[in-house]
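*Asks:* Fold the following and give me the result.
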Amino acid sequence: PPVNGTNIALGKTVTASSYQATGNGAPYPPSNVVDGNWSTRWASDWSDPQWIQVDLGSSKTFKHVQLGWESAYGSAYQIQTSNDGTNWTTVYSTASGTGGVDDFDVKRTGRDVRLYITARGTAFGDSFYEFGVYA
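*Replies:* All right, here's what the predicted structure looks like:
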C-alpha cells in the first residue's frame with residue numbers, strides 16, 4: 001500500500017544475520033528489501049533470532065515504517081534504531097505479528113534501522129519483500 005513521504009531506505013546498504021543463498025528461487029539477499037521491487041525478497045535461515053538492518057548513510061529523522069512480509073513472516077519482532085550500528089534502541093515491538101503488510105508510525109532519528117525478529121510465524125525462515133523507512 002502507498003505511504004505518504006519518501007522512502008529513505010530505498011537503495012541503501014543492507015546487512016542481515018543470514019540469507020538463503022541456495023534453494024528454490026534463491027538467492028534471497030538482504031539488498032532485495034530496498035530495491036523498490038515487490039517481486040524480490042530477502043529470506044533468512046530457518047532459525048531464531050534473525051535480524052536485517054538498513055544503513056541510511058547518516059542520521060535521519062523518519063516517521064513511518066512499512067514491512068511487506070512474504071508468507072514466512074516474523075510473529076515477534078522489534079524495530080530498533082542506532083547511530084553507530086552497535087547500540088540499539090527499540091522503537092516498536094510486537095509479539096502478535098500475523099504477516100501481510102505491517103504499517104506503523106514511529107517518529108525517530110537514527111542512522112541504522114533494524115528489524116530484529118525473535119520468533120518466526122512459520123516453520124520456515126523469515127522473509128519479506130520491502131523494508132520501507134519513510135521521512
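
*Asks:* And the contacts of stretch 45-58?
*Replies:* 8-9, 12-20, 30, 33-34, 42, 44, 74, 85, 110-120, 123-126, 131, 133 (C-beta atoms under 8 Å, 6 or more residues apart in numbering). Quick note: C-beta positions are derived from backbone N, CA and C, even for glycine.

*Asks:* List buried residues within these.
*Replies:* Among the contacts of stretch 45-58, those classed as buried by 16 or more other C-beta atoms under 10 Å are 8-9, 12, 14, 16-20, 30, 33-34, 42, 44, 74, 110-117, 120, 124-126, 131, 133.

*Asks:* Return the subset of those lying in strands.
*Replies:* Of the buried ones among the contacts of stretch 45-58, the ones assigned to strands by DSSP state E are 14, 16, 42, 74, 110-117, 120, 131, 133.

*Asks:* Just the pLDDT at Gly23, thanks.
*Replies:* For Gly23, the pLDDT comes out at 88.

*Asks:* And for it, the neighbour number?
*Replies:* A count of neighbours around Gly23, defined by other C-beta atoms under 10 Å, yields 9.

*Asks:* still on that earlier bit, which two among the ones in strands among the buried ones among the contacts of stretch 45-58 are spaced furthest apart?
*Replies:* Arg111 and Arg120 (27.7 Å; C-beta to C-beta).

*Asks:* number of nearby residues for Ala43?
*Replies:* With other C-beta under 10 Å as criterion, Ala43 counts 26.

*Asks:* so what's it up against?
*Replies:* Counting by C-beta under 8 Å, 6+ apart, Ala43 has contacts Tyr19, Gln20, Ala26, Tyr28, Glu70, Ala72, Phe124, Gly125, Asp126, Ser127.
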